[in-house]
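**Q** Attaching a predicted model along with its sequence, questions to come.
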Amino acid sequence: MLTRSRGGFTLAEVMISLVLTLVVGGTLYRLLLTTQRTSRAQAQRVELQSNLRAGSTIVLNELRELSAATGGSGGQNDILVAGSTALVYRAMRGMGFICAPPTATSIRIARSSFTGPRDPQGDRDEALIFLEDRAAAGTEDIWLGMKIVAVATGAACPGALGPGITLTVLPGPSVAALDAGTPVRITEVMELRLYESGGLSWLGARSVSSGEAIQPLVGPLTRGSGFRLDYLDAAGTPTADRTSIKSIRIALRGTTEGAGNGKAPVEEELLAQVALRNAAWP
Amino acid sequence: MTGSRRSDERGIALLIAVVALAVIGALVGGIFFAARLEQQSGQNTLFSVQAGEAAEAGLSEAVATVAPADLERLRVGGAPLDLGTLTLPGGAGASRQASRLTQRLFLIRARGSGGGTAGSPLAARSVGLLVRLPATPGDGADPEGLARLGERAWVQLY
C-alpha cells in the first residue's frame, strides 16, 4: 500500500522533465530579455523624442516674436547673426505701457499692464520704446532702443494705475514728450548654438547681454549636425539676407549616445518651421 | 500516518502562482500607468497647441471684423471693449478685447483656450496685436479699417 501510494519517477522521466523545464525556462528567459531590451529601447526613443519636442517648443517660442524688419535698418532687425548652427537675436522678455510722463533717463510702466516671463533687469535688458509714425515728417514707426541700467519698483503710477516699474535708461534721443499708453518692449540679446561639452553635442542658450556662459537646452545631439537652421524668405526659399527672413526652419537631431549601454545610439530628428509673426507685414 | 504524510506533501504551487500573478499584475499596471502618463502628456501638448491656434484665429478674426467706430468710442487708458468669444470646433475658443493705448494706438488681445470646459480650460494662450487708426486717408493704411504697425505689431502675452 505504501509502495503504491509513493510511486516515484524513473530516471528517464526526471531527465526528460528537467530538459523540458530547461528548454521552456530558457525560452521564457530569452523572451523576457528580448522584451526588456525592446522596452528599454522604446523608452529611450520616447525620452529622446520628448526631449526634442520640449527643445523645439522652447526654440519656437523664442523665435516666434522676432521682427526681421524688411527693408528696415539693422538696428530694427531682431536677427543679429544668422548662422547655420548658431543664431544671435533680440529676444522679447516682456511688454508694458508707459503710465507717467517720462524724463530723459526714466520711464515708468504700469505693473498691471506688464506682461512677460520675468521682470526687466538692469544692465541686461534693453527697452524698445514705440515712436508713432510721423507721416507728415515722412518718417515710419520706429522702436527706439534704450539700454536699461537700473530697475526700481517702489514708485507708483499716477491716478489709479497702481504700482509701477521704473526703468532708468542711458540718456539718448528725447522720449520726454511721449504719451501715457506708449508701448515699451523689453528685450535681451540671446544666442542659440550647437556646442560641445563632455564629448557630446548640445543645443545651448546664453544671454549675450549679460555675458553669461552657455547653458545646455537640449541634448545630447548628433555631433556636427544636431542643430541646423535654414532661413526662408517670403517665397519659402533660403535666403542669406537677414532683413528678408520670414520664417526659420529648425532641425534638431538627438541621439542616445552616452547612455553607456554599449549599443549603437538611437537617433531621431525633429523638423519644425516657425513663421516670424512680425515679419508678415508688409 | 497517511494523514500526516498528506499534510507534509502540500505543495507551493498556489503560492508560486499567486506571487507570479502579483508580479505580472504589477508589471502590467506599471505599463498602463506609463502609457496613461504618455497619453496625458500628449493631450496637454494638443490642448496647448489648440489654445495657441485659437488665440491667433480669434485675433485675426477680431482685427478683420471690428468696427473702427467702436474703437473710436474708447477712452485712452479706459475700460477695454469686449469683442466677444470666437468658438471653434473641438472645444477650442478665444475671447477678445480691445484697449485704447493712445489717441490712435490700440491693443487687441485674444485669449485662446483648449480642452476642459468653457469656464475652466485645461490650456490657455494669449496673444495681442498693436493696431492704429489711420490719421488721414492715404497715410499708408486702409482708410476704412485698421492698420498694423509697420514692425513688431504682434505681441506674445503671458
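**A** Yep, it's here. Numbers count the residues shown, from 1 in each chain, chains lettered A, B, ... in the order given.
**Q** dump the residue contacts of the closest residue to B:Leu105 other than its chain neighbours.
**A** Spatial nearest neighbour of B:Leu105, chain neighbours left out: B:Arg132 (5.0 Å); criterion: CB to CB, 6 or more residues apart in numbering or on different chains. (C-beta placed from N, C-alpha, C; glycine too.) Going by CB atoms under 8 Å, 6 or more residues apart in numbering or on different chains, B:Arg132 touches A:Glu132, B:Arg104, B:Leu105, B:Phe106, B:Ala141, B:Leu146, B:Ala147, B:Leu149.
**Q** pLDDT below threshold where in chain B?
**A** Applying pLDDT under 70 to chain B picks out residues B:1-10, B:118, B:135-145, B:150.
**Q** Could you list the domains of it?
**A** Domain assignment for chain B by automatic domain parsing gives B:2-38, B:51-157.
**Q** most neighbours per residue, which of the ones you listed?
**A** Of the domains of chain B, the one with the most neighbours on average (mean count of other CB atoms under 10 Å in any protein chain shown) is domain B:51-157, at a mean of 18.
**Q** Give me the distance from that domain to the chain's centre.
**A** Its chain's C-alpha centre and that of domain B:51-157 lie 17 Å apart, by CA atoms, centre = their mean, to the nearest Å.
**Q** Could I get the contacting residues of A:Arg242?
**A** Counted by CB under 8 Å, 6+ apart, A:Arg242 has contacts A:Ala68, A:Asn77, A:Ile79, A:Ala82, A:Tyr231.
**Q** Let me fix that, I meant to ask about A:Glu212.
**A** A:Glu212 touches A:Arg206, counting by CB under 8 Å, 6+ apart.
**Q** gap between it and B:Ala98?
**A** 39 Å (CB to CB, to the nearest Å).
**Q** For chain B, list the residues in contact with chain A, please.
**A** For chain B, the contact set with chain A under CB under 8 Å from any CB of the partner chain comprises B:2, B:38, B:41, B:45, B:76-77, B:100-105, B:107, B:126, B:130, B:132, B:135-136, B:139-140, B:148-158.
**Q** repeat that for 7 Å
**A** Selection of chain B residues close to chain A by CB under 7 Å from any CB of the partner chain yields B:76-77, B:101-102, B:104-105, B:130, B:135, B:139, B:148-158.
**Q** Tell me which of these fall in helices.
**A** Using DSSP state H to define helices, no part of those is located there.
**Q** Neighbours of residue 40, how many?
**A** Just going to use chain A. 13 (other CB atoms under 10 Å in any protein chain shown).
**Q** The chain in question should be chain B.
**A** B:Gln40 has 10 nearby residues by other CB under 10 Å.
**Q** Now it: which helix or strand?
**A** helix B:13-65 (DSSP states H and E).
**Q** what's the answer for A:Val81, then?
**A** strand A:79-82.
**Q** and that strand, anywhere near chain B?
**A** No. In terms of CB under 7 Å from any CB, no part of strand A:79-82 sits within range of chain B; the closest distance is 12.7 Å.
**Q** can you tell me if whatever helix or strand comes next after that strand touches chain B.
**A** As assigned by DSSP H and E, the chain's next helix or strand after strand A:79-82 is strand A:86-97. Yes. With CB under 7 Å from any CB as the criterion, chain B is reached by strand A:86-97 at A:Met92, A:Met95, A:Phe97.
**Q** For strand A:86-97, buried residues please.
**A** For strand A:86-97, the neighbour count (16 or more other CB atoms under 10 Å in any protein chain shown) marks A:Leu87, A:Val88, A:Tyr89, A:Arg90, A:Ala91, A:Met92, A:Arg93, A:Gly94, A:Met95, A:Gly96, A:Phe97 as buried.
**Q** how close does the third one get to B:Leu157?
**A** Computed with CB to CB, the distance linking A:Tyr89 and B:Leu157 is 20 Å.
**Q** I'd like to check which residues are in contact with residue 108.
**A** By default, I'm working from chain A. By CB atoms under 7 Å, 6 or more residues apart in numbering or on different chains, the contact list for A:Arg108 reads A:Ile98, A:Cys99, A:Ala100, A:Ala155, A:Cys157, A:Gly164, A:Ile165, A:Thr166.
**Q** Actually, chain B is the one I wanted.
**A** Contacts of B:Ile108 by CB under 7 Å, 6+ apart are B:Leu59, B:Ala62, B:Val63, B:Arg96, B:Ala98, B:Gly128, B:Leu129, B:Val131.
**Q** Thanks again, I'm all set now.
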